[in-house]
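1. just to be clear, the model below is a prediction. Sequence and coordinates:
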Amino acid sequence: MPSYFILVPILLPVIAGILLLVFPIEDARKRNICIEIIVVINTLLVLWLLTHRPSESFYMFRWEHVFR
């Protein structure tokens with residue numbers, strides 16, 4: 001499994017929130033169901049990542065490149 005897959009549970013709610021702002025769902029019931037589906041998918045992804053973590057390390061940001 002690629003190490004960058006750990007970004008998916010972080011970016012999924014952000015992207016879903018942006019999409020809900022751009023394409024609003026007027027019906028409150030449908031909007032709540034959509035948000036709950038996103039939360040459940042995100043939770044399942046986090047649980048899957050806890051049991052199948054990547055073998056290599058993933059660094060989103062390294063400080064040593066900043067201070068050179």
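-> Arrived safely, thanks for sending.

2. okay, CA-based contacts and neighbour counts for the rest of this
-> OK.

3. tell me where the protein has helices.
-> For the chain, the helices defined by DSSP state H cover 8-22, 28-51.

4. adding mean pLDDT, distance to W63 and mean neighbour count, write these out as JSON lines.
-> Shown next, in JSON lines, are these (pLDDT from 0 to 100; distance: least, Cα to Cα, whole Å; neighbours: other Cα atoms under 10 Å):
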{"stretch": "helix 8-22", "mean pLDDT": "94", "distance to W63": "21", "mean neighbour count": "13"}
{"stretch": "helix 28-51", "mean pLDDT": "93", "distance to W63": "26", "mean neighbour count": "13"}
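
5. reformat the ones you listed as JSON lines; add distance to E64.
-> Shown next, in JSON lines, are these (distance: least, Cα to Cα, whole Å):
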{"stretch": "helix 8-22", "distance to E64": "24"}
{"stretch": "helix 28-51", "distance to E64": "28"}
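
6. wait, which of these is closest to S57?
-> Checking the helices of the chain against S57 by Cα to Cα gives helix 28-51 as the closest, at 13.5 Å.

7. CA atoms of that closest one as PDB?
-> C-alpha atoms of helix 28-51 as PDB (Å, rounded to 0.1, in the frame of the first residue of the first chain):
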ATOM      1  CA  ALA A  28     -31.900  18.900   5.300                       C
ATOM      2  CA  ARG A  29     -32.700  15.200   5.500                       C
ATOM      3  CA  LYS A  30     -30.800  14.400   2.300                       C
ATOM      4  CA  ARG A  31     -27.900  16.700   3.400                       C
ATOM      5  CA  ASN A  32     -27.600  14.900   6.800                       C
ATOM      6  CA  ILE A  33     -27.700  11.500   5.100                       C
ATOM      7  CA  CYS A  34     -24.900  12.600   2.800                       C
ATOM      8  CA  ILE A  35     -22.800  13.900   5.700                       C
ATOM      9  CA  GLU A  36     -23.300  10.700   7.600                       C
ATOM     10  CA  ILE A  37     -22.300   8.600   4.700                       C
ATOM     11  CA  ILE A  38     -19.100  10.600   4.400                       C
ATOM     12  CA  VAL A  39     -18.400  10.200   8.100                       C
ATOM     13  CA  VAL A  40     -19.000   6.400   8.000                       C
ATOM     14  CA  ILE A  41     -16.700   6.100   4.900                       C
ATOM     15  CA  ASN A  42     -14.000   8.100   6.600                       C
ATOM     16  CA  THR A  43     -14.300   6.100   9.800                       C
ATOM     17  CA  LEU A  44     -14.000   2.800   7.800                       C
ATOM     18  CA  LEU A  45     -10.900   4.200   6.000                       C
ATOM     19  CA  VAL A  46      -9.300   5.100   9.300                       C
ATOM     20  CA  LEU A  47     -10.000   1.700  10.800                       C
ATOM     21  CA  TRP A  48      -8.600   0.000   7.700                       C
ATOM     22  CA  LEU A  49      -5.500   2.200   7.900                       C
ATOM     23  CA  LEU A  50      -5.000   1.200  11.600                       C
ATOM     24  CA  THR A  51      -5.000  -2.400  10.700                       C
END
